[in-house]
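Enquirer: Sequence below, structure please.
(chains A, B and C)
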Amino acid sequence: MGIERFERMGWKNRTFDVLNAVFLIVLMLTMIVPFLNVAALAFSSGMASMRPDIILFPKDFSVEGFATVWHSLDLKRPFANSVIVTVAGTALHVLLSSMAGYVLIQPHLPGKKIMVSFILLTMMIPQDAILIPLYLVNKDLHLINTLGSLILSGMISGFSILLMRNYFLGVPYEMSESAQIDGAGPLRIFASMYMRLAKTGLATVTLFEFVSRWNMLTAPVLFINDPAKNTLQVALKSMIVDASATSSNFLVTTNVRMAGILISIIPLLAIYPFVQRYFMKGLMLGANKE
Amino acid sequence: MRTLKRQGMLYIMMVPVVLYFVLFAYYPLARGLQASFQDYKLMGDRPYIGFDNYETVAHDPTFWNALWNTLAIGGGILVAGFLAPLIVALSLNEVWSRGFKKTAQLVLYVPHLLSWVVIGGICIFLLSPDTGLVNLLLAKGFGLAPINFMAEEGWARVVMVGSAVWKDMGYNCILFLAGIVAISPSLFEAARMDGATRWQQLRYVTLPQLLSTMKVILLLNTLGLFRIFDQIFVMRNPAIASKVDVLMMYTFQKGIMEIRIGPAAAASFFVVLFTLLLTVVVRRMTRFDEV
Amino acid sequence: MKRKIHALLTVTTASALLLSACGGKENGANASPSAASPSDSAASPSASGGASSPAAGGKLAILAGNVGGKTPEGNTEFAKAIGSLTGLDVTLDKPASDYDQKVLTALGSGAKYDLIEVSDVAKLRAFIAQGVVTDLTDFVQGSAELSDPSVIPSGEWEQLKGADGKIYGVFSKFQGATMPIVRKDWLDKLKLQEPKTLDELYNVLKAFKDGDPDGDGKPNTYGLSTSGLYDIQGIMSAAGLKYRYVMKDGKRTIPYASDAAIPMYEWFAKLVKEGIMDPNFITNDTAKMRNLFLTDRVGMITYWDAWVGMFNNLKQQEDPKTTFVAAGMASIPASDGTILMRRGDPDFWIIPANAPHPDAAKKFLEFWHTKEGITLGSLGVEGQDYTVDNGTYTLTETGKAANMDHGVPYWYNANVKSPFPPLPGVTEAMALSKQYATLELALDTWPDAEKIVTNYALKAMSGQMAAKDAVAKMQKELKDAKLIDE
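Expert: Here you go, the predicted structure:
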């Protein structure tokens, strides 16, 4: 610590810190624009939200967009469905992908490269090409119109397996070896050691999976017809479709649309801080000393 | 004997993964492959027609144009989308205030939470020649005439690459940060003991330790290269279509819009083939399997 | 390197072969729609609505894109209402998005629907070619309701005929036309007449830009905005050019790619250069264009006839004292007096070939064009969207939000009158549509041709390319790709 402080006193360092902060702040400003724009439109009144010049501040402040969404939709059920699908799906996803990632770091395991190829190939498949067969699989398994189809959809991904493999590689192998000498089987080493030591990796994969599951749209539209099993995204989307390709009398004002978008991402923003502490330096310090 | 038992357990741990992929990836893929050799009608007979669908696609100049567009835009995203978040992650890592760091991470991640429909709309809006913020800044700051970024072919790909990199910045940044956090602090301590400056720590500790993360990100992004769709679908317009329509646009147009499922499936398998080739190259180049 | 590729390929081909072997077998069973296994019906569309009232008339499964309630709950009520009015046990699936994918997946995987809503003639043609749709000729001609010309004018059925002359669909609503919509109040304020020639139009649009028609003292208005090449039909009409294909002596031509289009593109390029045209016309979507018009930024756009009323109504709701008046306008006539306008693709129902209850579907199709059907499709569900008291109709809050559009804002049946007066300006606009608007001819090659035409047309209009060169390029590329015959 003493050395650190000594270092940080140099003017070069200070200049760098300032420039670095400025760089990040400018970047942050650009990133916050879309969010503020959505919020500004959501909090404008119906007609005002259609003005082309709203960027950061609402015009004619109003919460009528939220009120419309609230009155028109019963959000409790879809919200609960989304939570079930997202939580259960993410938990299974992280567990199974980690397990596979763990297998892939084993040295001298015959067939490992083939396994990697097997997994990589699944990541090359264009979704549009397998829409119909995928539906048939779900149908044959009697999953249509069940939340199960949504939990199973993308339950494992090569993406997460490879990520977990990478994070597990960061765990010193000697520790695993010493555990093996103590007589622990692979499953125990995986559960009691790797899952705990690769928390940052787990947090990353969990966050990504949570977000993509929460935002999932195509799978529920294809596999679910029963409104009682709608997810939040689908319910909100059902309100904001714009049939402009065909003559229609129906208009969804921009504020309602943006209110829907805002409602759907608030839960994501709420969980972020919980995940975030795993991205802070110093966390692994404790882990390594364990 | 013990190794055998151990390995047996490891294979068992792979069983759910294999089962899942066979059912939800390989079986649909095989059915897709089958469709690519059929005169695929939505109902009724689906006679096999050999490689006709592949020939149809291979003789379609639109398809090859889409391939070039994919390589140009995807390649741009691959390179810039790798370097930019790396730089930002390293820069974030140099920040000492935890509060600032936390805020920055959250804010950088926000665009990834919003769909391309929202982000694309905002990009078009910000780049608009009359009221767009970017053109206003260019005019006020540099006295430049407005540029119609979204309508000029010369800018089209730049805009696509730029906005894609920007949107997924926070996302890729987290991948790098997770890698940086995992670096053992004792390595930095040792470096500091030896009197290493921040730059030297970065050069001799952080970057080499981040190598395996970089490999995996590069490989994952390579696999995504041919899949760009949502962004293009939202941000394209007829004036720039010939420069930005990518392969997934082509399969969407053929399969979903024109309901020509056979040719669409054939095009999809070209995509699988291209991805396969590219992945083999990247896997080889990064020595991915050498743990 | 070699070994790795080899390993990859082995795995791929082995698993692919293995799986396609199983796949082939199953496909055999799936190929004939009649061989429905018990699992099929179990997995077929849900009992989403009306399940509580199992009716004697049989079941009816509908897949709709526009028809139905505006929310999942509203949709369930809507299905129940169809059920109680027709005596059928109705399920109505209305996906929140990705409708095209949903239809394709449903048809391709053998999911059973009795009715599917389609809004695209090109799709109908593909469906016919792929054996998906039921021939409805006998049903339509034999139906007292549907064959009545006062219910559906006889000529309209041409739109839903296949190449074999058979009828494959039944209209779900009256599809309107798009036309130039102009700010009438701006015209009056600037003491201008509705333009009848290209020169008059130029003067009007220029005045909209320079004359500060919104009176805020700022030069922030445009004369014209569009959101797609089809939106310039009202102006291309001046040169007698119809969008998409036109058959001439059995040969495919694209008027927008002919030499006659050159001066028209030059006319637009002038508009763009002088700042009269909204410079975002290339990137606009229709919503953006609409919003510009509603917020006093542009004096003329091209949009649906029904929206003339919507625009006026929206502005009046916002501010009862508004001066805003939108009016539909006929296209600029060609030198021979011809007026070309664009009729929208019809919105219609098909009965899929594998429909389990085609008779129920037919019963619904007749019902859909009766007074009860039309009232349901426009106003919505009685008690939820509107109430009737002594013959007086009142919209509820939910009904007001849906704005008398549950898939049928306008209908063919001349015997059914709306209980509410038409929105201001709609009647006049619709009269123009009925007089002049015609369908565009979309041949199978149009998607490829459209890319070439729009690309160069937009370049010419925006001034990135000389109109002469742009049209020459269009012609060359269209001919090289065998997309036109001359």
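
Enquirer: Quick one: low-confidence residue ranges for the chain.
Expert: I went with chain A, as the question did not name one. Filtered on pLDDT under 70, chain A yields the residue ranges A:1-9, A:240-247, A:281-290.

Enquirer: Please refer instead to chain B.
Expert: B:1-2, B:290-291.

Enquirer: okay, now the domains of it?
Expert: Domain segmentation of chain B under automatic domain parsing yields B:1-33, B:67-248.

Enquirer: Can you say which of these is nearest to residue C:236?
Expert: domain B:67-248 (15.8 Å; CB to CB). Using the backbone N, CA and C atoms, a C-beta is placed for each residue, glycine as well.

Enquirer: Figure out the length between the terminal residues of that closest one.
Expert: 10 Å (CA to CA, to the nearest Å).

Enquirer: Reformat the domains of chain B as CSV; add mean neighbour count.
Expert: Below are the domains of chain B laid out as CSV (neighbours: other CB atoms under 10 Å in any protein chain shown):
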stretch, mean neighbour count
domain B:1-33, 18
domain B:67-248, 19
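
Enquirer: so residue C:62, which of the three states?
Expert: strand (DSSP: H, G, I helix; E, B strand; the rest coil).

Enquirer: Look up how far chain A lies from it.
Expert: Distance of residue C:62 to chain A, given as CB to the nearest CB, to the nearest Å: 11 Å.

Enquirer: Tell me the spacing between that residue and chain B.
Expert: Using CB to the nearest CB, residue C:62 is found at 18 Å from chain B.

Enquirer: where does that residue land on pLDDT?
Expert: At residue C:62, the model reports a pLDDT of 96.

Enquirer: For it, give me its contacts.
Expert: By CB atoms under 8 Å, 6 or more residues apart in numbering or on different chains, the residues touching residue C:62 are C:79, C:82, C:90, C:91, C:92, C:93, C:113, C:114, C:115, C:116, C:117, C:364.

Enquirer: which among those residues gets closest to residue B:215?
Expert: Using CB to CB, residue C:93 is the member of those that sits closest to residue B:215, with 45.6 Å.

Enquirer: count of neighbours near residue B:280?
Expert: When neighbours are counted by other CB atoms under 10 Å in any protein chain shown, residue B:280 registers 16.

Enquirer: Buried residues in the helix or strand it falls within, which are they?
Expert: Per DSSP states H and E, residue B:280 falls inside helix B:261-285. Buried residues in helix B:261-285, counted by 16 or more other CB atoms under 10 Å in any protein chain shown: B:261-272, B:274-276, B:278-280, B:282-283.

Enquirer: Near chain A, list only the ones from those residues.
Expert: When contact is defined as CB under 8 Å from any CB of the partner chain, the buried residues of helix B:261-285 meet chain A at B:261, B:264, B:265, B:268, B:269, B:271, B:272, B:275, B:276, B:279, B:283.

Enquirer: for the helix ranked longest in chain A, packing partners?
Expert: Ordering each helix of chain A by length in residues (DSSP state H) puts helix A:11-42 first. Applying 3 or more CB pairs under 8 Å, 6 or more residues apart in numbering or on different chains; DSSP states H and E, we find helix A:11-42 packed against helix A:254-276, helix B:61-93, helix B:98-113, helix B:116-126, helix B:169-181.

Enquirer: nearest to chain C, of those helices?
Expert: Of all these, helix B:116-126 sits nearest to chain C, with 5.1 Å by CB to the nearest CB.

Enquirer: now check the following helix or strand past the closest one, is it near chain C?
Expert: Per DSSP H and E, the first helix or strand lying C-terminal to helix B:116-126 is helix B:133-142. No: figure legend: helix B:133-142 not in contact with chain C (CB under 8 Å from any CB); closest approach 9.9 Å.

Enquirer: chain center to helix B:133-142: distance?
Expert: Averaging C-alpha positions (CA atoms, centre = their mean, to the nearest Å) puts helix B:133-142 30 Å from its chain's average.

Enquirer: hmm, who's touching that helix?
Expert: So helix B:133-142 is in contact with A:55, B:126, B:127, B:128, B:129, B:144, B:145, B:146, B:147, B:149, going by CB under 8 Å, 6+ apart.

Enquirer: wait, the third one sits on residue B:159?
Expert: So that's residue B:127. Yes: with contact defined as CB atoms under 8 Å, residue B:127 counts as touching residue B:159 (6.7 Å).

Enquirer: joint contacts of those two?
Expert: Taking CB under 8 Å, 6+ apart as the contact rule, residue B:127 and residue B:159 both touch B:149, B:150.

Enquirer: before we move on, which element is residue 207 in?
Expert: Picked chain A for this. Residue A:207 belongs to helix A:199-214 when assigned by DSSP H and E.

Enquirer: could you do chain B instead?
Expert: Per DSSP H and E, residue B:207 falls inside helix B:207-209.

Enquirer: Can that helix be said to contact chain A?
Expert: No: remark: helix B:207-209 sits outside contact range of chain A, by CB under 8 Å from any CB, the gap being at least 8.8 Å.

Enquirer: Centroid-nearest residue for chain A?
Expert: The residue lying closest to the centre of chain A (CA atoms, centre = their mean) is residue A:211, at 2.1 Å.

Enquirer: distance of the residue nearest to that residue when sequence neighbours are not counted from residue A:155?
Expert: Sequence neighbours aside, residue A:268 is the residue nearest to residue A:211 in space, at 5.8 Å (criterion: CB to CB, 6 or more residues apart in numbering or on different chains). Noted for residue A:268: a distance of 20 Å to residue A:155, by CB to CB, to the nearest Å.

Enquirer: Spell out which residues of the stretch 51-200 of chain C are next to chain A.
Expert: Neighbours of chain A within the stretch 51-200 of chain C, by CB under 8 Å from any CB: C:65-66, C:70-76, C:91, C:93-98, C:101-102, C:104-105, C:108-109, C:111, C:119, C:175-178.

Enquirer: hang on, the earlier thing: just the CA atoms of the helix or strand following the longest helix of chain A, as PDB, please.
Expert: Using DSSP H and E, the helix or strand that follows helix A:11-42 in sequence is helix A:64-72. Output of helix A:64-72 as PDB, limited to C-alpha atoms (Å, rounded to 0.1, in the frame of the first residue of the first chain):
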ATOM      1  CA  GLU A  64     -49.900   8.800 -18.600                       C
ATOM      2  CA  GLY A  65     -47.700   6.400 -20.500                       C
ATOM      3  CA  PHE A  66     -47.100   4.300 -17.400                       C
ATOM      4  CA  ALA A  67     -50.800   4.700 -16.400                       C
ATOM      5  CA  THR A  68     -51.900   3.300 -19.800                       C
ATOM      6  CA  VAL A  69     -49.600   0.300 -19.500                       C
ATOM      7  CA  TRP A  70     -50.700  -0.200 -15.900                       C
ATOM      8  CA  HIS A  71     -54.400   0.000 -16.700                       C
ATOM      9  CA  SER A  72     -54.400  -2.000 -19.900                       C
END
